[in-house]
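# Need a 3D model of the sequence below.
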Amino acid sequence: MNTKAISFIKSFSYSLVSNLIALLVSSLVILIIPKLIGIEAYGYWQLYLFYSSYIGFLHFGWSDGIYLRFGGEKYNDLNKNLFFSQFWMLFISQFFLFSIIFFYSIYFVTDSNKSFIILMTGICMLVSNTRIILVHILQSTNRIKEYAVTTMLDRISYLFFIVLIIFSSQYNYKYMIIADILGKLCSLIYVSYLCKDIVFRNIKEFHLDIREMFINISVGIKLMFANIASILIIGIVRFSIEKQWDVATFGKISLTLSVSNLMMIFINAMGIIMFPILRRANKKNLPTIYSTMRNMLMVMLLGILIFYYPFKSMLSLWLPQYADSLKYMALVFPMSLYEGKMSLLINTYLKTLRKEKFILKVNLLSVVLSLITTIVTVFILKNLTLSVLSIVFLLAFRCIISELFLARYLNISVIKDISVENLLVVVFIYSGWVIQGSTGCIIYIVAFFLYLLYKKKEIYGTVNELKTFVKK
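Okay, the predicted model is just below:
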């Protein structure tokens, strides 16, 4: 086994373990919190998670620019004085924004619950956006082990505080929000220690380097807006559901989306290590690597859809008060397939090829489409089923457009595979939503088996390529 293969396996193992722990903690929280607090309180908890998902917007692509510019570099070769100044300039900017959010939540928001949520979102922004620059430095310089420990510490600390809340019988969504922030704060302290030669330096070495700041923002802002637009694709639908119906309905649908998207945590395990590796790879090998990864990923993602059937049955027994909303899982479960392919494969390649401008364009186009479909399904038709189904349609649209662009750039053909995969998704939704039960499960398993037969040659080829990679 060659050195590169050993390095890849080690990096993947660290990232996999950290993301599996994150998956386990998220699963426990998703299953336990709605059991402990009421439906309305759970809606407020989801509202905090919803608001906090947009806080990355407030560093204006500063950290993303560092990630893109220095991806593939070695940590020891970085200019520590430069990063020291950039880190503290970013912190000061976030503290200023937090001050604005603090005064807004105290003096302009009359609803006490929403005032608390906005204030906590501001604190989350300060902690998370300060931490992300250091996390991006670890990721871009391939310090995956340290990144993995940081991620694990975040979620393990969070789980520890949740357990304390459970044992003290203080079943209040506010304590759960505080637990989330404390978990992030613990990981910020730890990652600051890991990067102490960047964070803790003599104040005399600090330079107000506005030019470097603008370079990072100018590079990263397209990716940052692309990420925000990506969140808005689903966010517009979720926000409109909360406005058209109520917080309780918002909480129920959010639970369904959270469960359906759990696999994204696992998918990120590989996506995180692929960016610095692809940046260092020979561009001539990128099409072959893409085809190999694609074959492996799609078999896994389409196979995971089978677990919807037993998972939905167990959740209905565990959370009977959410049984009426869990049926929507049949419509949104495939979102993990499209989001997984975008996150691990397509976006990683587009970032490697420095096509963040295209990522922004396709995400903005999807946001416009999201606005149109939301107006029609939520406010005109007032149909919750179509509103939820539109989420998968929007994610599928973005994924297909992006992959066709990338395939054209790499000079490979994917149209036939995309058609077959989308047909399989249609079969899954039809069997899960219309037919349901064991019959629906059998129909999808048969369809998946036929897909494996169709892809048999490519699957064997992918396995052989992986074997060759390990043996070299």
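# worst-scoring helix or strand of this structure, pLDDT-wise?
helix 263-280 (a mean of 59; mean pLDDT, DSSP states H and E).
# pLDDT on the helix or strand following that one, on average?
As assigned by DSSP states H and E, the chain's next helix or strand after helix 263-280 is helix 286-304. Averaging pLDDT along helix 286-304 yields 83.
# And helix 286-304, what's buried?
Neighbour-count burial for helix 286-304 flags 286-287, 289-299, 301-302, 304 (criterion: 16 or more other C-beta atoms under 10 Å). For every residue, glycine as well, the C-beta is placed using N, CA and C.
# With stretch 447-463 instead?
447-448, 451, 455, 458-459, 462.
# Just the closest of the buried residues of helix 286-304 to residue 185, please.
Nearest to residue 185 out of the buried residues of helix 286-304 is residue 304 (C-beta to C-beta; 33.2 Å).
# my guess is the closest one contacts residue 335, does it?
No. Judged on C-beta atoms under 8 Å, residue 304 makes no contact with residue 335 at a distance of 11.8 Å.
# How about the contacts made by residue 159?
25, 28-29, 183 (C-beta atoms under 8 Å, 6 or more residues apart in numbering).
# Report the separation between it and residue 416.
44 Å (C-beta to C-beta, to the nearest Å).
# Please apply the same query to residue 322.
Applying C-beta to C-beta to residue 322 and residue 416 gives a distance of 39 Å.
# do the same with residue 139
Relative to residue 416, and taking C-beta to C-beta, residue 139 is found at 34 Å.
# Those two: who's more crowded?
residue 139 (20 against 9; other C-beta atoms under 10 Å).
# Let me know the next secondary structure element after the helix or strand that the more buried one is a member of.
In the assignment (DSSP H and E), residue 139 maps to helix 112-140. Per DSSP H and E, the first helix or strand lying C-terminal to helix 112-140 is helix 144-167.
# how far off helix 112-140 does that next one point, in degrees?
Here the directions of helix 144-167 and helix 112-140 differ by 160 degrees (axes from the mean of the first three to the mean of the last three C-alpha atoms, to 10 degrees).
# buried ones in helix 144-167?
Going by 16+ other C-beta under 10 Å, helix 144-167 has these buried residues: 144-159, 161-162, 165.
# same question, stretch 350-360
Those would be 350-353, 355-356, 358-360, for stretch 350-360 by 16+ other C-beta under 10 Å.
# Just those: which are in helices?
350-352, 356, 358-360 (DSSP state H).
# which two from these end up farthest apart in space?
Spanning the widest gap among those are 352 and 360, at 16.1 Å by C-beta to C-beta.
# hmm, back to that, so of the buried residues of stretch 447-463, which two are at opposite extremes in space?
447 and 462 (20.8 Å).
# out of everything not next to it in sequence, what's closest to residue 422?
residue 396 (6.8 Å; C-beta to C-beta, 6 or more residues apart in numbering).
# Likewise for residue 301?
residue 337 (4.5 Å).
# Counting by contacts, list what the helix or strand harbouring the one you found packs against.
Assessed by DSSP H and E, residue 337 sits inside helix 335-340. Applying 3 or more C-beta pairs under 8 Å, 6 or more residues apart in numbering; DSSP states H and E, we find helix 335-340 packed against helix 247-260, helix 263-280, helix 286-304, helix 384-410.
# Residue 98 is nearest to which of these?
helix 247-260 (25.4 Å).
# what's the average pLDDT for that closest one?
The model assigns helix 247-260 a mean pLDDT of 70.
# Can you name every helix or strand that it contacts?
Checking 3+ C-beta pairs under 8 Å, 6+ apart, helix 247-260 ends up next to helix 3-36, helix 39-52, helix 210-244, helix 323-326, helix 329-332, helix 335-340, helix 384-410.
# Count the neighbours of residue 317 for me.
8.
# now swap in the one 10 residues further on and tell me
The local packing count at residue 327 equals 17, with neighbours defined by other C-beta under 10 Å.
# Quick check on it: phi, psi?
phi -60, psi -30 (degrees, to the nearest 10).
# Local confidence estimate at the residue nearest to residue 301?
86.
# Is it correct that it is in contact with residue 302?
Yes. Counting by C-beta under 8 Å, residue 337 touches residue 302, with 6.8 Å between them.
# what is in contact with the two at once?
Residues touching both residue 337 and residue 302 by C-beta under 8 Å, 6+ apart: residue 421.
# In contact with the residue nearest to residue 422, which residues?
So residue 396 contacts 334, 338, 422, 425 (C-beta under 8 Å, 6+ apart).
# For those residues, which entry has the maximal number of neighbours?
Most surrounded of those: other C-beta under 10 Å gives residue 334, at 27 neighbours.
# Setting aside sequence-adjacent positions, which residue approaches it most closely?
Nearest non-adjacent residue to residue 334 (C-beta to C-beta, 6+ apart): residue 425, at 4.7 Å.
# isn't the one you found right up against residue 336?
No. Between residue 425 and residue 336 there is no contact, the gap being 11.0 Å when judged by C-beta under 8 Å.
# ok so, going back, what pLDDT does the residue nearest to residue 334 get?
pLDDT at residue 425 comes out at 94.
# Roughly how far does it sit from residue 321?
Per C-beta to C-beta, residue 425 is found 29 Å from residue 321.
# Skipping adjacent residues, who's closest to residue 171 in space?
residue 36 is the one closest to residue 171 (C-beta to C-beta, 6+ apart), at 4.5 Å.
# got the contact list for residue 437?
Residue 437 neighbours (C-beta under 8 Å, 6+ apart): none.
# right, I mislabeled it, should have said residue 233
363, 366-367, 370, 391, 394-395, 398.
# which among these gets closest to residue 200?
residue 363 (37.2 Å).
# Count the neighbours of that closest one for me.
Other residues near residue 363 come to 23 when the count uses other C-beta under 10 Å.
# Report the residue spans of the protein with pLDDT below the cut-off.
1-17, 19-20, 23, 27, 246-248, 259-282, 465-472 (pLDDT under 70).
# and the helices and strands packed on helix 335-340 as TSV, adding distance to residue 126?
What follows is the helices and strands packed on helix 335-340, written out as TSV (distance: least, C-beta to C-beta, whole Å):
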stretch	distance to residue 126
helix 247-260	24
helix 263-280	24
helix 286-304	36
helix 384-410	30
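# Show me the one of those helices that comes nearest residue 77.
helix 263-280 (13.3 Å).
# next one: the helix holding residue 337 to chain centre, how far?
The chain centroid and the centroid of helix 335-340 are separated by 10 Å under C-alpha atoms, centre = their mean, to the nearest Å.
# What of stretch 387-403?
The chain centre lies 16 Å from the centre of stretch 387-403; the measure is C-alpha atoms, centre = their mean.
# same question, stretch 367-379
23 Å.
# ok, residues contacting that stretch?
229, 232-234, 236-237, 240-241, 244, 383, 386-387, 390, 393-394, 397.
# Any of those residues buried? List them.
229, 232-234, 236-237, 240-241, 244, 387, 390, 394, 397.
# quick check, distance from stretch 173-184 to the centre of its chain.
The answer for stretch 173-184 is 19 Å, by C-alpha atoms, centre = their mean.
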